[in-house]
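Colleague: need coordinates for the below:
(chains A and B)
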Amino acid sequence: GEDVEQSLFLSVREGDSSVINCTYTDSSSTYLYWYKQEPGAGLQLLTYIFSNMDMKQDQRLTVLLNKKDKHLSLRIADTQTGDSAIYFCAVDQTGANNLFFGTGTRLTVIP
Amino acid sequence: DTEVTQTPKHLVMGMTNKKSLKCEQHMGHRAMYWYKQKAKKPPELMFVYSYEKLSINESVPSRFSPECPNSSLLNLHLHALQPEDSALYLCASSQELKGGQPQHFGDGTRLSIL
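Modeller: The predicted structure follows:
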């Protein structure tokens, strides 16, 4: 299997940038995803990146991938209180859409 | 429309009851998934259907029985559950069962076993 690790907690002030980090163990991982989960809700797909890319930007979200270090990050620019949630990275190790989820990072945005 | 609908939102049942969780999507997706999520943990894959056929069963106890009656519907039949089965049950779907086809999740059914 795959081990996917994230820091448990992150606090930022409203208007600052947030950076959520994720490390994984299998270098053959193909697609890497970021999901957001608000209290009492399911997982909302934010963005994803293919392993042959090193960066993807989508409005306030920037994903960086360092394949050599097996490190993925999600940067949220101009963080808002509505961004407070748990963020999961997920890794498709085999290309068969069987996702291994990270432990989740709880982002708290301080007004 | 990128919506996966799960019913009921909440379910409380005794250990001897039989109940079913339902999931529906109308995005034309041909892969559907059941996950179990305990509090403060990531989702754990239970079952995967591809083109209405069971593709993956992650060694789930037989008291959980999945069913895919057609390409839009996915059910999870529950019988003789244990207290440790209390969790959020999430359904997801994707275009197909292959890489680069993002999974879209419903809001889940929160199940409590008395």
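
Colleague: and the residue nearest the centre of chain B, what pLDDT?
Modeller: Nearest to the geometric centre of chain B sits residue B:34, at 3.0 Å (CA atoms, centre = their mean). As predicted, residue B:34 sits at a pLDDT of 98.

Colleague: give me the sheet partners of the helix or strand bottoming out on mean pLDDT in chain B and which way each runs.
Modeller: Ranked by mean pLDDT, DSSP states H and E, the weakest helix or strand in chain B is strand B:53-57, scoring a mean of 92. If you go by DSSP bridges, strand B:53-57 pairs up with strand B:44-50 (antiparallel).

Colleague: residue contacts, the residue nearest to the centre of chain B?
Modeller: Applying CB atoms under 8 Å, 6 or more residues apart in numbering or on different chains to residue B:34 gives the contacts B:23, B:45-47, B:66, B:74, B:76, B:89-91. Backbone N, C-alpha and C define where each C-beta goes, glycine included.

Colleague: what's the most distant pair in those residues?
Modeller: Greatest spacing in these, by CB to CB: B:23 and B:45 (14.5 Å).

Colleague: higher neighbour count, the two?
Modeller: Neighbour totals were compared for residue B:23 and residue B:45, and residue B:23 leads with 26 against 19 (other CB atoms under 10 Å in any protein chain shown).

Colleague: and the helix or strand harbouring that one, does that touch chain A?
Modeller: Using DSSP states H and E, residue B:23 maps to strand B:18-25. No. Using CB under 8 Å from any CB of the partner chain, strand B:18-25 never reaches chain A; the gap is at least 10.8 Å.
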